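In: predicted model and sequence below, questions to follow.
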Amino acid sequence: MKSLRSLLLGATAALALGASVPAFAQNVVTVNTVQIFGTVDPAKINDYTEYMAAVNMYEALTTLDGDGAIQPLLAESWEVSEDTLTWTFTLKKGATFQDGSPIEAKDVVWSVERLLAINEGPSYLFSNLLSEGSVTALDDHKVQFVLNEVYTPFLTTTPLLFLVNSDVAAAQATEDDPWAQGYIANNTLGAGAFMLDSWDRGASMTIKRYENYHLGWDDQAIDEVRFVVTNEEATVKALAVAGELTMSSDAQAQETYASIGALEDYRIVEYPTATNFYFKLNNQIAPTDDVNIRRALALATDYDTIREVLLPGEPLAGPMPPVFADAFPKDVALPKFDLEAAKALVEASPYSADGPIDIEMMYVAGLAFEEEIALLTKSILDTIGFNTILKPEPWNRMTELAANVDTTPAMTQVFYGATYPSPDSYFFGQYHSRAAGTWQSMEWVMNDEIDKMIDTARGTVDVDAQNAIYADLQRKLVDEQVAVFVLTQRSQQAFHRCLEGFTWVPMQSFEFNFHTMRWVCE
């Protein structure tokens, strides 16, 4: 297998020679990501690359299709009690972990207990719902969940309950590390289609297929996936010119897509998403603790230029796009660019008394379009009474800063899409006080009324009543201008002509399940 160094050198040489030489071994694909894989531990994952790793190397009880409908995976069926508190899942027989051992109900119990004990990643969705003893093995192939409270979206969150091989993990555990975090940080103990082969943190990762995967393989299936971590536009273009690139990220500059799309063996695929792009505003620090400053920032955002030139997307009225149409309030107006109104709000703020208002905008260092959006925003804000301080940071540093209200900047450019197919995904993780302290919740809303509305919606069984609460939530969050709602992303990716089977899924990174794709080349 080629090293990352030789791969990149080969791509650069091909670019210099103007060559277009196929460089793929059959059924080996190369994918670029613009973020590092911070972890492969399914109890700690929280961003798009980490979910991409988990979706391929671990399996859950359920998954979902391109329409967002929950489908069986390791569970072949399930039942729910009339009060919706008790869920019983029957496991599929014959599915195995990657060491060949059978998947049993005890592995479900152990994996959930581990997730709750570590209290990271997706645990915030389950910490109030489940406690010690809530999940029990009825027999080897039947497991029961008894929820502490009614939570109507529960089934939609089960694709996030990735199973860990409890026997192998227990053998690697120590008194100081009872959940084998040290071992699982560097090894995969899942039942997924792919196994971790190599991982050079910050540069690359390679996964290879698990031959005895329970859903099977065919001759056109992907054997190996090589991830190249880079946000250098020149490197991505060089990989394509060399024929090495199979799939680009969806975060490249427009010029890069145009360049790759002009190559004979590549196509640019554009598709709608349910992923939003926000300027997250820290509601608890100066100057964005002033609602009028937050409203001024929204009025001073040049939405059309961003959507039409810098980052393709659709207008966004509030925290949630209309993907869940019945929960979407059609009376919420789209934001507008009105510089005079913005300036008036700034001048009325007590923060303007001492001259230009210092305000930081953080964004991902090295992402060309985010830098362009930051420069555009600064050029506007500095004309209406702000001193805009641009703060490019690596993504892992941004997530560290987001953990504390005092280190979270006033403004941050962030993409956020549904992590499970329910309106709750847009509200709980971003705006509930219990979910504060992650990159998702950099608004630090901390509002008792909003918390109560979210909690009430989660426990409401009547769908129409629940949707009415979600609509009111959106109205409330827009009125409070907790963030600048810039756009809903219209994704673009470059694909090699031989890669087929990519299907967008309305859940974070689940579309990057490489078992569903095929290498079809004449």
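Out: Thanks, I have it.
In: how near is the closest residue to residue 153 other than its chain neighbours to residue 146?
Out: Leaving out its chain neighbours, the residue that sits closest to residue 153 by C-beta to C-beta, 6 or more residues apart in numbering is residue 422, at 3.8 Å. Heads up, the C-betas are built off the backbone N, CA and C, glycines and all. The spacing between residue 422 and residue 146, counted by C-beta to C-beta, to the nearest Å, is 21 Å.
In: which of those two has more neighbours?
Out: residue 422 (24 against 16; other C-beta atoms under 10 Å).
In: the more buried one looks like it's in a strand, true?
Out: No: per DSSP: H, G, I helix; E, B strand; the rest coil, residue 422 lies outside any strand segment and is coil.
In: just checking, residue 46 touches residue 441?
Out: No: if you go by C-beta atoms under 8 Å, residue 46 and residue 441 don't touch, sitting 11.1 Å apart.
In: so between the two, which is more surrounded?
Out: Using other C-beta under 10 Å, the more surrounded residue of residue 46 and residue 441 is residue 441, with 23 against 19.
In: quick one, what contacts the more buried one?
Out: By C-beta atoms under 8 Å, 6 or more residues apart in numbering, residue 441 lies in contact with 402, 429, 430, 431, 432, 435.
In: OK, contacts around the third one?
Out: Put plainly, it is residue 430. When contacts are counted by C-beta under 8 Å, 6+ apart, residue 430 touches 319, 416, 440, 441, 443.
In: next step: those residues restricted to strands.
Out: residue 416 (DSSP state E).
In: considering the contacts of residue 430, which possesses the most neighbours?
Out: That'd be residue 443 among the contacts of residue 430, by other C-beta under 10 Å, with 26 neighbours.
In: any idea how far it is from residue 278?
Out: Using C-beta to C-beta, we find residue 443 at a distance of 9 Å from residue 278.
In: cool, residue 355 as well?
Out: Counting by C-beta to C-beta, the gap from residue 355 to residue 278 is 28 Å.
In: between the two, who's got more neighbours?
Out: residue 278 (22 against 9).
In: let me know the average pLDDT across the strand or helix carrying the more buried one.
Out: Element membership of residue 278, judged by DSSP states H and E, is strand 266-281. Averaged across strand 266-281, pLDDT comes to 96.
In: for it, which strands pair with it and how are they oriented?
Out: Strand 266-281 sits in its sheet next to strand 411-416 (antiparallel), strand 483-496 (antiparallel), going by DSSP bridges.
In: C-alpha coordinates for the following helix or strand past that strand, PDB please?
Out: The helix or strand immediately downstream of strand 266-281 is helix 291-299, counting by DSSP H and E. The C-alpha coordinates for helix 291-299 follow below in PDB (Å, rounded to 0.1, in the frame of the first residue of the first chain):
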ATOM      1  CA  VAL A 291     -29.900  40.900  21.700                       C
ATOM      2  CA  ASN A 292     -29.700  44.100  19.700                       C
ATOM      3  CA  ILE A 293     -26.100  43.400  18.800                       C
ATOM      4  CA  ARG A 294     -27.100  39.900  17.800                       C
ATOM      5  CA  ARG A 295     -29.900  41.300  15.600                       C
ATOM      6  CA  ALA A 296     -27.500  43.800  14.100                       C
ATOM      7  CA  LEU A 297     -25.000  41.100  13.200                       C
ATOM      8  CA  ALA A 298     -27.900  39.200  11.400                       C
ATOM      9  CA  LEU A 299     -28.900  42.300   9.500                       C
END
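In: helix 291-299 vs strand 266-281, what angle?
Out: Between helix 291-299 and strand 266-281, the angle comes out at 160 degrees (axes from the mean of the first three to the mean of the last three C-alpha atoms, to 10 degrees).
In: which neighbouring elements make contact with helix 291-299?
Out: Contacts defined by 3 or more C-beta pairs under 8 Å, 6 or more residues apart in numbering; DSSP states H and E place helix 291-299 against strand 266-281, helix 339-348, strand 483-496.
In: who's in contact with the residue lying closest to residue 293 once chain neighbours are set aside?
Out: Nearest residue to residue 293 in three dimensions, chain neighbours excluded: residue 287, at 4.7 Å (C-beta to C-beta, 6+ apart). Residues near residue 287 by C-beta under 8 Å, 6+ apart: 293, 349, 351, 357, 358, 359, 410.
In: what do you get if the cut-off is 6 Å, keeping everything else the same?
Out: 293, 351, 357 (C-beta atoms under 6 Å, 6 or more residues apart in numbering).
In: give me the below-cutoff pLDDT ranges for the stretch 1-150 of the chain.
Out: By pLDDT under 70, the weakly predicted segments of the stretch 1-150 of the chain are 1-26.
In: could you pull out the strands for it?
Out: Residue ranges of the strands in the stretch 1-150 of the chain, as given by DSSP state E, counting those that start in this stretch, are 28-33, 62-64, 70-72, 75-80, 86-91, 135-139, 142-146.
In: can I get the last one in CSV, CA atoms only?
Out: I take that to be strand 142-146. Only the C-alpha atoms of strand 142-146 are listed here, as CSV (Å, rounded to 0.1, in the frame of the first residue of the first chain):
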residue,chain,number,x,y,z
LYS,A,142,-33.1,-10.1,23.0
VAL,A,143,-32.3,-6.8,24.8
GLN,A,144,-34.7,-4.5,26.6
PHE,A,145,-34.5,-0.7,27.2
VAL,A,146,-36.7,0.8,29.9
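In: show me what that strand is packed against.
Out: Of the remaining helices and strands, those touching strand 142-146 by 3 or more C-beta pairs under 6 Å, 6 or more residues apart in numbering; DSSP states H and E are strand 86-91, helix 105-118, strand 135-139.
In: residue 308: which of the ones you listed is closest?
Out: Closest approach to residue 308 among the helices and strands packed on strand 142-146 is made by helix 105-118 (42.3 Å; C-beta to C-beta).
In: packing partners for the closest one?
Out: When contacts are defined as 3+ C-beta pairs under 6 Å, 6+ apart, helix 105-118 packs onto strand 135-139, strand 142-146.
In: repeat that with 7 Å
Out: Judged by 3 or more C-beta pairs under 7 Å, 6 or more residues apart in numbering; DSSP states H and E, helix 105-118 is in contact with strand 135-139, strand 142-146, helix 166-172.
In: report the angle between it and strand 142-146.
Out: 30 degrees.
In: and helix 105-118, how far from the chain's centre?
Out: 23 Å (C-alpha atoms, centre = their mean, to the nearest Å).
In: and the contacts of that helix?
Out: Applying C-beta atoms under 7 Å, 6 or more residues apart in numbering, the contact partners of helix 105-118 are 43-44, 91, 123, 126-127, 130, 135-143, 161-166, 179, 181.
In: again, only this time at 6 Å
Out: With C-beta under 6 Å, 6+ apart, helix 105-118 has contacts from 43, 123, 135, 137, 140, 142, 143, 163, 164, 166, 179.
In: which among the residues you listed gets closest to residue 156?
Out: residue 123 (16.4 Å).
In: now that closest one: closest residue in space, sequence neighbours ignored.
Out: residue 115 is the one closest to residue 123 (C-beta to C-beta, 6+ apart), at 5.1 Å.
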